[in-house]
Every structure is written in structure tokens, then in C-alpha cells.
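Visitor: 3D model of this:
(3 chains, ligands or ions: 2)
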Amino acid sequence: MLELDRITKRFGRVTVADSLSLAVRPGEAVGVVGPNGAGKTSLFGIISGDLAPDAGEVRFDGRPVTRLDASARCRLGIGRTYQVPRPFEGMTVLENLLVAAEQGAGARGRAGLSLAIRVLAETGLTELADRPAERLGLLHRKRLELARALSTRPKLLLLDEVAGGLTDPEVTELVEIIATARARDGLAVIWIEHVVRALTGTVDRLLCLAAGRIIGDGRPEEVLAAPAVREVFLGTDPR
Amino acid sequence: MIMGLVTGIVQGVLLGGAYALIACGLSLAFGVMRLVNIAHGDLAVCGAYLALVLATGLGVPVAVTLPLILPIAFAAGVLLQLVLFQRALRGGVLAPVLVTFGLSVMIQNLLVTGASADPRSLDGGRLAMAGFTIGDLTLSWLRVIGFLLAVAVLGTLHLLLRRTAFGRRIRATADDLETARLVGIRVRPVFACVAGIAVATAVLAGVYIGLTATFDPYAGGLTLIFAFEAVVVGGLGSLWGTLLGGIVLGVTQQLVGLWDVRFAVLAVHVLFFTVLVVRPRGLLS
Amino acid sequence: MDTIKPTRRAFLGVLGTAALAGCSSGLKESPAGTSQSLKIGYVSPQTGPLAVFGESNDYVLGKVRTALAKGLSIGGKTYPVEIVTKDTQSNAARAAQVAAELIQQDKVDIVLATSTPDTTNPVSDQCEAAQVPCVATICPWEIWATGRAAPTYSYLHFIGTQQEVGVFAELWAGLGTNHVVGGLWPNDTDGELYRKFVTAKSKELGWKLVGSGAYEDGAQDYTSIISAFKKGDVEILQAAPIPPDWVTFWRQAAQNRFRPKVVSVAKAMLFPSVAETLGELAENIVAPVWWSSGFPYRSSLDGTTAQAFADGYVSGTGRQWTPPMGFNHALFEIAVAAFKAAADPKDRSALAAAIGTLKGQAISGKYDFTAGPSKNVSLAPDLLGQWRKAGSGKYELVIVDNSLDPAIPAQGEVKPLR
Ligand SMILES: Nc1ncnc2c1ncn2[C@@H]1O[C@H](COP(=O)(O)OP(=O)(O)OP(=O)(O)O)[C@@H](O)[C@H]1O
Ligand SMILES: [Mg+2]
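Guide: Ligands and ions are numbered 1, 2, ... in the order given. Coordinates of the predicted model:
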């Protein structure tokens, strides 16, 4: 459903994507690891439409979307969370989800409201529905980031370190939320995470990214065992 | 003495409403698009000229021309956004200021050529010339109407922003442009509508100014200064803040004016600078 | 009659000078004409906020050019007359600039300057410095004469503010009022002048005065001033605002139910366009009349009567006649009289001296440079009129007080405002 075809992106001398190609099937869950600055977040930017690649093509559901902006891609079904949560600060939690449901999922009026309320319940934010986003703590901000992405009813969900900084029980809860959403909507997920432990229960495929290239792609334990992957993590054990 | 104070405060509040009416479009455009529209006052003056031309041309009262003028103003705002502001906003902080400054100069020159530098004014009929008395207080109907109009416009905008899907879209866009796109908001039409609303309110204010005072092709500059000060004093981008800002300016002007008119306008500017230094983000916020 | 603040004036002046430097070389005309033709330079505001003063220029200049088409014969010699006009763009710095151009490039024999101190004073100063004769008008003589060195080459023929305040006071005294005068005087030259003379006059009469305070030109809100007038029970209002401010003030006065018994407005109510803007509110406002179509005087150039002169303008342009027409025409009449009186019209100091000896009559009435209130000043009489709606539906200034020149017929009786 998602295909990246020889994508190249440079920031000055830094290459964040080096003729990178990748295909993700519908319903697939792909984990992404890689050292800091490997280009993981940039890759999401290229997929979601925030970043324009210097070369290459992005296809979604078989059609090229390279020239579409983030808004159009969202409406096609690409949902994304930011590594550092960026809620609409001046709006309440519910309003954050409503606007995503109305615009991203095209659920107007009542439909939008019921979608938003359902996502609230699924992500355990119901009690905070009327709280302004600017008054949320980190845990809830991360939840809201996920909930807002879910409210756009994506076919492909891009998760950027949603588990980072959370405690073990919180991570478990989060993993469950994602599992529930996948089970119901059959959505595909690409999930960047430094904490590989969070990924292992969910993903069936793991990518390792370094310096804008995919240096490992396959079953998680195989990728993590590969010498090239071990080398970039040099001493630090990704497990 | 007490009566003088009461008069000053009441008149100041009413005057503040008029300032807020002019300022709310500026506040909206800044709040949502970060657009500092230097031509805001000139657009208001254009509205006054349009009302003058239509009212005399069709031989109808000024108020009757509003249903015709406001849609035109909205369309003009949309058009300006699409062909001018949009591009300028992509060019950094200074570009919109320069572009709208250019627009301001252009409007002034076009108006001078088309309408001459003669001061004009709109004829609001009987009501516009009438006042009423409560106790020792004499108030102008037009001022009262202007204040109510400001409250009505701000109230409508408030409800629109808080209660509707369209309003949520605007607020989300104002909050974080990138994230707004990320959740599927088409930003361009949102901006275009906001610009349309901003110009329509400017034009409404322009017609009001035309009824209360005189205007000429250069009147936009002074109008802009007061509107700008009301926006800054109230708090950048906050609509109720803008009303509060307008009222604070109006009351200051009136009370200082009662003491000595020489310092009335000066006091307003001093207040503006004081707020800018002490509370740079404005009274509300 | 000052409308522009000094800072803006100076700024625009710089712009004007810069713009001009680029094109002045292309503007020189007939270099040979300097020898035996007589050249008159004419400086007036034709564009900008003061443009209304120069609006009748084309007509006035046309009349003068026709009258002088055959040239002037002086001492058995016939001199062709050439007129060079310059626009001040309503800006004092630019006025000085164009005066210098007339003197240096066009080499004019005499400079005429008209309309507001922003024109008359800088142009007169330039002429004094270059020792070129100059006649100015439409600036109260007090403003023209004070703060400048005693003039030698420059002259002024116009009314005076003190004299005007005197006739205002006579008129007020004739109406039954409580003798409380309100003064609406801005923070500009004219405002200061009226403040000075009206204050002195009310003291002399023992009347009460409620001053507005020196508000800034361009103010949009007058409610605090109106409150003060109401509180002081003002029945006589004297105002010297710029026209747009007067419209704003007077409307807000109506809205706030401030209705004095008599209103005398200097400068702002000179022009019919302002009266039209005010509509009904203009009725019976008192304004000075320094010239009107009803003046029983003729052009000394070709005998045209004031009435015919005004009618020609009205029928030619479809606009109402304005008071500056008469005085602008008179400037040329005075220049011609001076050329004739001078021993040698091409001798600048002889010409300047000749102006000082002039005593005569123009379409605007009598002028007399030999017995003015100040050196080189000829004082014109100041009449009073009231704006009234005429049969035509237009507002006209009807002469109601002719005490300073009874030769001019009054056209109506003084009426209180309401
Ligand atoms: N807008 C930008 N301009 C310039 N350089 C950028 C920009 N965005 C990212 N970079 C650089 O590109 C490189 C890749 O950044 P990216 O955020 O994609 O890495 P990452 O793999 O997500 O790292 P982390 O694990 O720290 O989140 C980094 O060196 C970063 O500094
Ligand atoms: Mg990252």
C-alpha cells in the first residue's frame, strides 16, 4: 500500500535518505530502529508530506502522492504522530480529536463527534475530554498525539517514538491501544522506537536505518542479530 | 466631577467599541495567519468610499448598501489572500509587512486619483445625527450602535470559532499550521475565508467611521494605528482582548481628554508603549 | 490654514526635492525669453490636501492670459507677458523649492504666491533671499508678518485675524446670548492665532471663555471637548479647525446634542464642498467672506465684474465658485499695476519698490500697500456670511455683515443657529 521508490533527501551535507526504497503491505506492522540522526523522523516527514524529497517517488495505494501536501495525504489515509507531541494547545482534548475526525476522516457533524468519542474511550482520555491540551502532562500528550492520529481514521499509521519516556505499565497500555485499533480497522503501522521491547509484541518486520540507508530488513530477531546492525549500535545493545 | 468621570468612562467605553470594531479583523488575521496587515485601515477606507458611491448612485440609505458591500469585501479579502498575502506569508516575517505596506500606498493613490483628496463623509440620516439623554448623560445613538455592532461582530466571531467545525479548523490552523495539515485541514481555504472575514469587518468598520467622522484617501493610516494599538494592548490575536484593548484606549483617551485634550491622543500612545514594555503579550494572555 | 505637521512636511519635502532633481533639467523653457518679455511666476497648491485652494487656477489663469495676450505697453514699449505656474503639492518645503526654481531657472521678474502660510511664507522667504519681488495672498497677515525679518521684496494683500475676530464679536454681541464663548482651536498656527485674539477679545468684553485645549489636527473624537462646552453652557462657538475635523466635530456635536446659538467657523467653512458634506448642519454657520461673486468690483485688467467672473467659472466647470478665485486674480492685477508703476519693469528693486507705492482696486476690492498694519502689508476688509440653502438646493454663503466695507451690499440678516 505504501511504496518508496529511490527516495533521496539531503539537508546540506547530511543525507537523511539515500536512494531509499521500501514497500509496506496493507495491515503490516513494521518497526524502525536506528541510531540518533539516522533519518527515521525525516522518513516519516517524506511519507506524510511534511518534507519534500530531493528525488524519488512516494506511492500510496498505487498512486503517486509525492506532489500532494500533508493535508491531502492525511485525507487519503496516512496518519502520523510527532516525536515531540504537537497538540493544538488552545483547544480541548475533544476538540483536538474532533477537528481531526472532521477533516482527516471526513466525518462531519454527528459522525465526527461519535468517532472522536470512540477514540477518546479507546485511548483512555474520556475523563480529560474538556481539558485544554496545553494543560496536559507528557503521558497524556503522547496519548493525545496517538488519539488524534487515530481520529483521522488512517489506513497507514506512522508512530514516532510514542513509547519513549513512558514507564513499563504505560508502555503496555499503549501497545494494547494500538493492537485494538489494528485488530478492528486492519491498519498498517510503521513504528519508530528506540525501546525495541515495545515493538516486539506488535511488529512482524523490523527495519534498521542508518545514515539514510536501510541496513537491515526482516524478522526482528534476525535484523537485530545481523552484524551490520550490531555495528551501528556499537556497544549499545538495542535489546 | 463625579459626573464628568462617569461621562468620560461611558463615552470611552463606547469609543473603545468603535476601535475594537476596526481592530477585530486585524486581530483575526494576525491570530490565524500571523499576517500584519498594514493595509487594513486603507481597506476600511475603501469600504467607506464604496458605501458612498453605492448610496449616492442607487439613492438608498447607507445601511441598505451593507448587504451588497460586505459580500464584495469578503470576496476581495479572499482574492487578496490568494494572489497576494499567501505568497507574502511564505516569504518570512518581513515580506507580509512590505507587501501590505505596498498595498496600502497603492490603495491611497488609487483613491486619490479616483475620488480626489477631498474629505468625504457618509450620510446616516436622522438617526446618525440624533442623541439621547439619561440623567446628565447625553449619548449619541451612532456611538451606541457602533458599540453594539462591535460586540455583535466579536460575539458572532467568538461563536463561530468556538462552536462550529469551521471555527475549529480556523483555530487549529492558527495554533499550528503543520499539524493542521497533518490532520487533513485544507489550509488555503481556511486562510482565504479568514482574510475574507477580516476585510469584511474592516469594511464594516470603514462604513461606521464614514458615518461618525470624515475620511479621505489617507485616512487609513490613522485608523490603522488605533486598531493596531487596540490589538497589541488587548493581547495579540485574542478577540475579547481586542475589545478590552479598544475600551482601555477609549477610556484613557476620554478621561485624559476631559483633563486636557492636548494629551488625549498622546496618552493613548503612551499607554500602548507602556503595555508593550511591561506586558508585551497584552493584557489578556 | 496649516494642515500638515512639520515632520511629515519635511519628509515629503525631501522626497519632492529628490524627485525633482531628476527631471528639472528637461523643464527649461524659452531661454531667450528673459530679455524683453515680462515673466510672472505663480506658486499655489494644486494637488494634495490643500488642492481645493487651487481648484480654480486653470480658469483664473485663462482669464488673465486672455487679458494680457497683447502684452503690456509701458513707457512706449510693449512687453509680452509670460506666466509660469508651479505646484507646491500642499507642502511647504516643496513651495520653497519651486520658488527657487522660478527664480534661478525661469528667471521670473515677479513671483506670486497664494493659499495658506505653507505657500506664502516659504515663497516670500526665497524671494527676499534672492531679491526678487513677490506678492502673496490668502494667509492672515499676522502669520505672514510675524517671525520673519522686515520684508523688502515681498508683499502681502489679505485680511487679518485680529480684525476678523473683531467683526465676529460685533456679530455675537448683536444676538441675545449668555456671553459664554467656546473656542475650538487646534494645535496649529491658525488655532494659536484665533486662541490669542479671541481670548483677548473676550477679556476685553468681560465674557466667559471655554477653550477646547490645543487638540491635534486629524482627531477623530471630540466628545470630551463637546462635554466641556456643554458643561460650560457655551452659546457662542468660534472654531478654526481644518475642514475634515470640522465636519467630524460638528456632526458629533449634533449627536451629543450640543447646539450653541451662534457658530463662527474660520478656514473650515470657506468652501461650498464642506457645506455640502454637512448638509442641513451647515445652515446658518457664520464664516468669513473675503471675496464673493456679490462684490461690486471689476477686474482692472479687462473690466470683468466679480459676478461675471464667478458665473464664467460656474458655467464652464459646473462647480461652485470659491473665495480664492478673487484674490488669486487680484495678485495678477497687482503685478501688472506694479510693472506699470515701476520706472523699469525689468529692474527688480525698482519693481519691488513700486509695489510699495500701490493703492488701487482689483476684482477683490481695494488694496493699499502704503498704509498697512505692518510693513509691506495691504489689509483687505473681512465680511461675514452665513451658509444657507439656496433655491438651487445648494448651500451658498450669504453676506450678512458688511461693516468693514459698506460698499459691498449685504445679502441677508444675521440669524441665530436655531
Ligand atoms: N529541517 C532540517 N534541517 C536541517 N537538518 C535537519 C532537519 N531535520 C533533520 N535534520 C537533520 O537530519 C538528520 C536526521 O534527522 P532525523 O530527525 O530524521 O533523525 P532520527 O533518526 O529521527 O533521530 P532521533 O532518533 O534522534 O529522532 C539529523 O542530523 C538532523 O539534524
Ligand atoms: Mg526522530
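Visitor: C-alpha from now on. contacts and neighbour counts both.
Guide: Fine.
Visitor: Distance of B:A192 relative to B:L79?
Guide: 8 Å (C-alpha to C-alpha, to the nearest Å).
Visitor: Compare those two (neighbour count), which wins?
Guide: A direct count of neighbours by other C-alpha atoms under 10 Å in any protein chain shown for B:A192 and B:L79 places B:A192 higher, at 22 against 16.
Visitor: per-residue confidence averaged over the helix or strand containing the more buried one?
Guide: Taking DSSP states H and E as the criterion, the element that holds B:A192 is helix B:187-212. Helix B:187-212 carries an average pLDDT of 95.
Visitor: Who are the packing partners of whichever helix or strand comes after that helix?
Guide: On the C-terminal side of helix B:187-212, the nearest following helix or strand under DSSP H and E is helix B:220-234. Using 3 or more C-alpha pairs under 8 Å, 6 or more residues apart in numbering or on different chains; DSSP states H and E as the contact definition, the elements that helix B:220-234 packs against are helix B:2-33, helix B:40-58, helix B:239-259, helix B:264-278.
Visitor: As TSV, those with mean pLDDT would be great.
Guide: As requested, the helices and strands packed on helix B:220-234 are arranged in TSV below (pLDDT from 0 to 100):
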stretch	mean pLDDT
helix B:2-33	91
helix B:40-58	96
helix B:239-259	92
helix B:264-278	92
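Visitor: got those helices as JSON lines, with distance to ligand 1 and mean neighbour count columns?
Guide: Compiled in JSON lines, these are given as follows (distance: least, C-alpha to the nearest ligand atom, whole Å; neighbours: other C-alpha atoms under 10 Å in any protein chain shown):
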{"stretch": "helix B:2-33", "distance to ligand 1": "22", "mean neighbour count": "25"}
{"stretch": "helix B:40-58", "distance to ligand 1": "34", "mean neighbour count": "23"}
{"stretch": "helix B:239-259", "distance to ligand 1": "33", "mean neighbour count": "26"}
{"stretch": "helix B:264-278", "distance to ligand 1": "33", "mean neighbour count": "17"}
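Visitor: so which of the ones you listed comes closest to chain C?
Guide: helix B:239-259 (5.3 Å; C-alpha to the nearest C-alpha).
Visitor: by how many degrees do the helix holding B:A192 and helix B:220-234 diverge?
Guide: Per axes from the mean of the first three to the mean of the last three C-alpha atoms, to 10 degrees, the angle that helix B:187-212 makes with helix B:220-234 is 110 degrees.
Visitor: do you know which of the helices and strands packed on helix B:220-234 lies nearest chain A?
Guide: Relative to chain A, the nearest member of the helices and strands packed on helix B:220-234 by C-alpha to the nearest C-alpha is helix B:2-33, separated by 12.0 Å.
Visitor: mind listing what residue 209 touches?
Guide: The chain I'm using is chain A. Counting by C-alpha atoms under 8 Å, 6 or more residues apart in numbering or on different chains, A:L209 touches A:V32, A:V33, A:G34, A:P35, A:A38, A:G39, A:K40, A:I215, A:G216.
Visitor: try chain C instead
Guide: When contacts are counted by C-alpha under 8 Å, 6+ apart, C:L209 is found next to C:V180, C:V181, C:G182, C:G183, C:T199, C:S202.
Visitor: Get me the contact residues on chain A for ligand 1.
Guide: Applying the criterion C-alpha under 6 Å from any ligand atom, the portion of chain A that neighbours ligand 1 consists of A:F11, A:V16, A:P35, A:N36, A:G37, A:A38, A:G39, A:K40, A:T41, A:S42.
Visitor: Quick one: classify the second one as helix, strand or coil.
Guide: So the one you mean is A:V16. Using DSSP: H, G, I helix; E, B strand; the rest coil, the secondary structure recorded for A:V16 is strand.
Visitor: Give me the local confidence score for it.
Guide: 92.
Visitor: try the third one
Guide: As summarised for this prediction, A:P35 has a pLDDT of 89.
Visitor: and if you look at the first one?
Guide: At A:F11, the pLDDT value in this model is 93.
Visitor: related to what we said a few turns ago, nearest to B:V261, of the residues of chain A next to ligand 1?
Guide: Checking the residues of chain A next to ligand 1 against B:V261 by C-alpha to C-alpha gives A:F11 as the nearest, at 59.5 Å.
Visitor: shouldn't B:A213 be in contact with C:W246?
Guide: No: the pair B:A213 and C:W246 does not pass the contact test of C-alpha atoms under 8 Å, sitting 9.4 Å apart.
Visitor: Which neighbouring elements make contact with the helix or strand of chain A with the lowest mean pLDDT?
Guide: The least trusted helix or strand in chain A, going by mean pLDDT, DSSP states H and E, turns out to be helix A:196-200, with a mean of 80. The helices and strands touching helix A:196-200, judged by 3+ C-alpha pairs under 8 Å, 6+ apart, are helix A:168-185.
Visitor: Which strands and helices lie in contact with the helix it packs on?
Guide: The helices and strands touching helix A:168-185, judged by 3+ C-alpha pairs under 8 Å, 6+ apart, are helix A:196-200.
Visitor: Please identify the next secondary structure element, helix or strand, after the helix it packs on.
Guide: Heading towards the C-terminus - elements assigned by DSSP H and E - helix A:196-200 is followed by strand A:205-210.
Visitor: pLDDT averaged over that next one - what is it?
Guide: 92.
Visitor: quick one: strands adjacent to it?
Guide: strand A:29-33 (parallel), strand A:213-218 (antiparallel) (DSSP bridges).
Visitor: could I have that strand exported to CSV, CA atoms only?
Guide: The C-alpha trace of strand A:205-210 is given here as CSV (Å, rounded to 0.1, in the frame of the first residue of the first chain):
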residue,chain,number,x,y,z
ARG,A,205,9.0,-6.9,10.5
LEU,A,206,11.9,-4.7,11.6
LEU,A,207,13.9,-2.1,9.6
CYS,A,208,17.2,-0.7,10.7
LEU,A,209,18.1,2.7,9.3
ALA,A,210,21.5,4.3,9.4
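Visitor: so how far is that strand off the chain centroid?
Guide: For strand A:205-210, the distance between its averaged C-alpha position and the chain's averaged C-alpha position is 14 Å (C-alpha atoms, centre = their mean, to the nearest Å).
Visitor: How about stretch B:223-233?
Guide: What separates the centre of stretch B:223-233 from the centre of its chain is 8 Å, taken as C-alpha atoms, centre = their mean.
Visitor: Please read off the pLDDT at B:P119 from the model.
Guide: If you check B:P119, the pLDDT there is 79.
Visitor: repeat for C:S73
Guide: Here, the pLDDT recorded for C:S73 equals 91.
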